[in-house]
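K.L.:
this one's sequence-less:
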DNA sequence: TTGAAAGCGCTAACAT
DNA sequence: ATGTTAGCGCTTTCAA
């Protein structure tokens, strides 16, 4: 049986309450006694029993708020699955989780939900943010003035006082894609990068990482001018069509964001599947279909489930165990999928 | 606050004890009352509180035994890390985990440890097995006669009565490797498969999956006769050297097991790094080095951490929550790594 | 500054 | 067949 508070108390010749005060730095204790108890606890290899703690703390329930944006995308559904799983788990430890969903991007809705959560007694908030100055200010206010820790996940708010970020290292993801492209694209072919929104940090980073690394690995291939599809299939379609008309040597396409269906339709229409190598992001239904059909060669995943799950768990651990996240940037794995390991 | 046994008892007009008997099928209860209570519990959305249960059960402590073989390999160390992490976690829920390590392969040592664990009161065992008829019989005896569930992980014992297997789908892993090779190997090149031991199921499956799938995808490439390196670098070195001498068109090497260093030394010596594509398995130190250096193009991982972790957690959930694993084969992810996402 | 005790949700032994 | 109760390890309040 593991070491208990009582055993430490016995050995130290004090009561359970005193040991508790010592080990949890609650004050109102003789510093010397505190030292001694801490030493004894360490010697005995004390590990607090989570069950006991959970039970005792279940009166002052932990309450975590989660705000998801763009919930109408299949990708965000996967993030939500991770949140739901974490919710189940921490609920069984006596905590509560409140999930709010926003269709599309709406910073003011997010702010409204944050206020609502504060009023309903949330002790912490996990947020999928969007780029908005007022949202950033709100986050800072929550952290500093209200002492409510906020973590961002999937996207980040650069320069804010959020506790940490959970999501992909998009720059590195772009590089990984370049590594793949450099292996599969034919000599002296031309490669097209189609990004999403010019303002989106994630898209921008992926494109940057890709271009940087492809230039380094494959100086022989020519990078065409970057295009933006604005997450739109029709736009992507037009871009690819134009590229195919302008050069016979289109050898590869890297897509930093949505638009896969548009790209693949054109590729298939011109019978170029497998000849023009396509690499894209996120393991959503359509993407996987085209991967299986071999119109896409590789998909890069960002483990959306882990993003949702870890966000809640990091907050839970902070509130429950008092353990701060060890890193400011908690990157989820860069997952490489071909048609055999989806 | 979540629903408690007491709330259900109040609503049903019975005592906590009765509700407990009803929901946990402990018998000694009026079937009609049992039905009614179960219905009410469902209506109220009852989820047993893990903390309460853990605390109450901590008297009759759960004890899980883990037996690792080939612990002297870096790969198995990663499996062990997963076991250790799970140990920490379940210990904090009041359970105990006993880990035994075996250097190399030694079925009789494994059997001896199993007996030892049974005597020391283990309720369940997780085992990295080896192919041995007596070990198989022992596992069956434990499961059937002693009612001690056993799971196998990393390797399986085909046809035994173990509860389930946690590890890689090696056939599919071989196919994934073939998918990669088919994308990166040049036209009409020759590909060499170097396997480990001819008797090892995992190695055999990987080779089979690879050959099958490469033939299907790339009928233009010629597969050289399969060789066995017996997990030995020197043997692998000789094999590659010979292959390089016999053909100028060696374009790819797939390694199902150990021997990477031998392979890479030769490749580098002849200045063929990057020209002969190398795909191998497992993310161990040496492998990663050669991946970074670009002598290896891809490594396939089998998430050893998850193998160790999940094995313990599956047993814990069975003993603690009474939840059987949902699948007989719990495959860990087939991880693809290039030099950018290690 | 410290000790004593109640109570969190659940299980299991005991009582009815 | 059902009710009652002690107790798991911990936190927190109240008393000393």
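P.N.:
Right, received. Where do you want to start? Since we're looking at a predicted model, the values are computed, not measured. Numbering: from 1, shown residues only, chains lettered A, B, ... in the order given.
K.L.:
quick one, what contacts the residue nearest in space to the middle of chain A?
P.N.:
What sits nearest the mean C-alpha location of chain A, by CA atoms, centre = their mean, is residue A:167, with 2.4 Å. Taking CB atoms under 8 Å, 6 or more residues apart in numbering or on different chains, we find residue A:167 in contact with A:152, A:153, A:154, A:155, A:156, A:302, A:307, A:330, A:331, A:332. Any C-beta I mention is one placed from the backbone N, CA and C, and that applies to glycine too.
K.L.:
any idea how far the last one is from residue B:334?
P.N.:
To residue B:334, residue A:332 is 18 Å away according to CB to CB, to the nearest Å.
K.L.:
picking up where we left off before, list phi and psi for the residue nearest to the centre of chain A.
P.N.:
Dihedral pair for residue A:167: phi 170, psi -160, per degrees, to the nearest 10.
K.L.:
could you find the closest non-adjacent residue to it?
P.N.:
Nearest non-adjacent residue to residue A:167, counting by CB to CB, 6 or more residues apart in numbering or on different chains: residue A:154, 5.0 Å away.
K.L.:
pLDDT weak spots in the stretch 1-150 of chain A?
P.N.:
When residues are selected by pLDDT under 70, those of the stretch 1-150 of chain A lie in A:1.
K.L.:
residue ranges for the helices of it, please.
P.N.:
A:5-12, A:16-23, A:31-44, A:50-57, A:74-91, A:107-119, A:133-144 (DSSP state H, counting those that start in this stretch).
K.L.:
hang on, the earlier thing: list the contacts of the residue nearest to residue A:167.
P.N.:
Neighbour list for residue A:154: A:76, A:79, A:128, A:166, A:167, A:304, A:307 [criterion: CB under 8 Å, 6+ apart].
K.L.:
hang on, the second one packs against residue A:305?
P.N.:
Yes - at 7.3 Å, residue A:79 and residue A:305 qualify as touching, with contact defined as CB atoms under 8 Å.
K.L.:
so if I had to pick from those two, which one is more boxed in?
P.N.:
Set residue A:79 next to residue A:305 and count neighbours by other CB atoms under 10 Å in any protein chain shown: residue A:79 wins out with 27 against 19.
K.L.:
residues contacting the more buried one?
P.N.:
Here residue A:79 is in contact with A:68, A:128, A:153, A:154, A:304, A:305, A:307, A:308 (criterion: CB under 8 Å, 6+ apart).
K.L.:
between those, which is closest to residue B:259?
P.N.:
Among those, residue A:305 lies closest to residue B:259 (CB to CB), at 35.2 Å.
K.L.:
could you say which helix or strand holds that closest one?
P.N.:
Assessed by DSSP states H and E, residue A:305 sits inside helix A:304-321.
K.L.:
what angle separates that helix from helix A:50-57?
P.N.:
Between helix A:304-321 and helix A:50-57, the angle comes out at 70 degrees (axes from the mean of the first three to the mean of the last three CA atoms, to 10 degrees).
K.L.:
before we move on, back to that, reformat the helices of the stretch 1-150 of chain A as CSV; add distance to residue B:314.
P.N.:
Shown next, in CSV, are those (distance: least, CB to CB, whole Å):
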stretch, distance to residue B:314
helix A:5-12, 31
helix A:16-23, 33
helix A:31-44, 31
helix A:50-57, 20
helix A:74-91, 16
helix A:107-119, 36
helix A:133-144, 39
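K.L.:
show me what from chain A comes close to DNA strand C.
P.N.:
Contacts of chain A with DNA strand C, taken as CB under 7 Å from any atom of the strand, map to A:13-18, A:21, A:27-31, A:33-34, A:55-56, A:58-59, A:94.
K.L.:
near chain B too, which of these?
P.N.:
A:55, A:58, A:94 (CB under 8 Å from any CB of the partner chain).
K.L.:
what's the closest of those residues to chain B?
P.N.:
Nearest to chain B among these, counting by CB to the nearest CB, is residue A:55 at 4.6 Å.
K.L.:
surely the closest one and residue B:52 touch.
P.N.:
Yes - here residue A:55 reaches residue B:52: they are 6.0 Å apart, a contact under CB under 8 Å.
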